[in-house]
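sequence first, then the predicted structure, then my questions.
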Amino acid sequence: MKRFKWLGAVLLAVMVAAPVVGQGHGRHAPAGHVVPDLVEIPLRVHGGQLTVQVEIEDGSTLEFIVSTANMVTVFSKKGEARVGDSQLSVAGLPVSTYGSQTVDDSSLTTDDGTVIDGILGSNFLNQFDVLIDAPGGRLVLRKPGREVEWDGVTLSDPVRLRLLHGVILTLDVELNGHAYPAMLDIGTSSVVVNERVKTEASLEDDGVATLKVGNTTHTELPVQVRDLPLFERFSPNGDGFVLVGAPLALDCAVSISYVRQELRTCVR
């Protein structure tokens with residue numbers, strides 16, 4: 001399991017709207033565009049991460065991690081060099097690079113030695129109702145609507161999300177039977193908890209746990225114990241806090257509505 005080094009720095013920067021690592025870019029946000037009724041994008045699982053292809057103007061493609069936390073687009077140095085000043089898009093939808101950040105290649109390198117080109121964040125996803133369907137190999141984006149239903153999948157009743165800064169998704173979960181506040185970031189390669197959760201839930205430093213989201217229980221999810229600066233923002237007194245990452249969605253479709261502030265997962 002790859003422990004991405006950008007985890008703490010990037011997520012803390014999301015909360016304070018400050019530079020992440022390296023330099024920020026002065027590119028402009030794309031001009032206004034029409035949100036499509038529905039678009040399906042191939043979704044790949046690569047090294048425990050969910051990734052999609054991002055297109056450059058010249059027709060070439062980059063591989064980006066899908067994140068539900070990042071406030072800006074993030075590049076590895078390799079990815080930034082390929083992009084230059086070009087415009088980016090996903091399935092024809094423009095990707096804003098305004099205020100984008102760059103991290104060292106080592107921070108976005110998977111266990112098999114692949115350098116991921118960047119991270120696609122909530123500043124892109126929050127325009128849509130989103131279905132992350134890793135089992136079906138697809139990321140589905142749809143114009144926000146009154147009802148959040150998807151063809152081809154059966155999903156749970158809604159789980160209430162709290163939306164911060166238009167991009168940060170928080171919720172309540174149970175881990176090994178204990179209730180905790182949590183933050184959702186599908187771009188993180190594991191479930192991450194602080195020391196309080198480790199003690200209360202009887203966890204190993206790098207073990208597995210049972211996570212309950214709404215009425216859906218996920219077993220044997222990989223867990224890392226870390227004292228991230230991010231956790232101090234949500235739990236300044238050291239109370240238990242959980243970062244819910246990609247393992248939630250690797251074998252279970254997940255639906256996110258930013259407008260309705262609700263999450264649905266597969267039914268088990």
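Cool, got the structure. From a predicted model like this one, the values you see are computed outputs, not experimental measurements. Numbers count the residues shown, from 1 in each chain.

now the element after the lowest-mean-pLDDT helix or strand in the chain, going C-ward?
In the chain, the helix or strand scored least confidently by mean pLDDT, DSSP states H and E is helix 7-16, which has a mean of 45. Once the chain leaves helix 7-16, the next helix or strand it forms, by DSSP states H and E, is strand 38-42.

now that following strand, how far from the chain's geometric center?
Between the centre of strand 38-42 and the centre of its chain there are 17 Å (C-alpha atoms, centre = their mean, to the nearest Å).

next one: stretch 169-186
Stretch 169-186 has its C-alpha centroid displaced from the chain centroid by 14 Å (C-alpha atoms, centre = their mean).

span of that stretch from start to end?
With C-alpha to C-alpha, to the nearest Å applied, stretch 169-186 spans 11 Å between its terminal residues.

in it, which residues are buried?
Neighbour-count burial for stretch 169-186 flags 169-176, 180, 182-186 (criterion: 16 or more other C-beta atoms under 10 Å). (C-beta placed from N, C-alpha, C; glycine too.)

out of these, the closest to residue 233 would be?
Nearest to residue 233 among the buried residues of stretch 169-186: residue 183, at 9.4 Å, using C-beta to C-beta.

what's near enough to touch that closest one?
By C-beta atoms under 8 Å, 6 or more residues apart in numbering, the contact set of residue 183 is 11, 69, 168-171, 230, 234, 241-244.

distance of it relative to residue 167?
Residue 183 sits 11 Å away from residue 167, going by C-beta to C-beta, to the nearest Å.

what about the helices in this structure?
Using DSSP state H, the helices assigned to the chain run over residues 7-16, 77-83, 122-125, 195-200, 229-234.

in the last one, what counts as buried?
Counting neighbours by 16+ other C-beta under 10 Å, one finds that the buried residues in helix 229-234 are 230-231, 233-234.

with just CA atoms, put it into CSV.
Taking C-alpha atoms only, helix 229-234 is exported to CSV below (Å, rounded to 0.1, in the frame of the first residue of the first chain):
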residue,chain,number,x,y,z
PRO,A,229,-1.9,18.5,10.8
LEU,A,230,-5.3,18.3,9.1
PHE,A,231,-6.8,16.5,12.1
GLU,A,232,-6.0,19.4,14.3
ARG,A,233,-8.4,21.5,12.3
PHE,A,234,-11.3,19.2,12.9
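
quick one: mean pLDDT over stretch 142-160.
The pLDDT scores in stretch 142-160 average 87.

revised request: answer the last question for stretch 100-108.
pLDDT averaged over stretch 100-108 gives 91.

pull the CA atoms of that stretch into PDB?
In PDB, the C-alpha atoms belonging to stretch 100-108 read as follows (Å, rounded to 0.1, in the frame of the first residue of the first chain):
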ATOM      1  CA  SER A 100      -2.900  24.900  -9.200                       C
ATOM      2  CA  GLN A 101       0.000  23.400  -7.200                       C
ATOM      3  CA  THR A 102       3.000  21.200  -7.900                       C
ATOM      4  CA  VAL A 103       4.500  18.400  -5.800                       C
ATOM      5  CA  ASP A 104       7.600  16.400  -6.300                       C
ATOM      6  CA  ASP A 105       7.300  13.300  -8.500                       C
ATOM      7  CA  SER A 106       8.200  11.100  -5.500                       C
ATOM      8  CA  SER A 107       5.000  12.300  -3.700                       C
ATOM      9  CA  LEU A 108       2.800  10.900  -6.500                       C
END
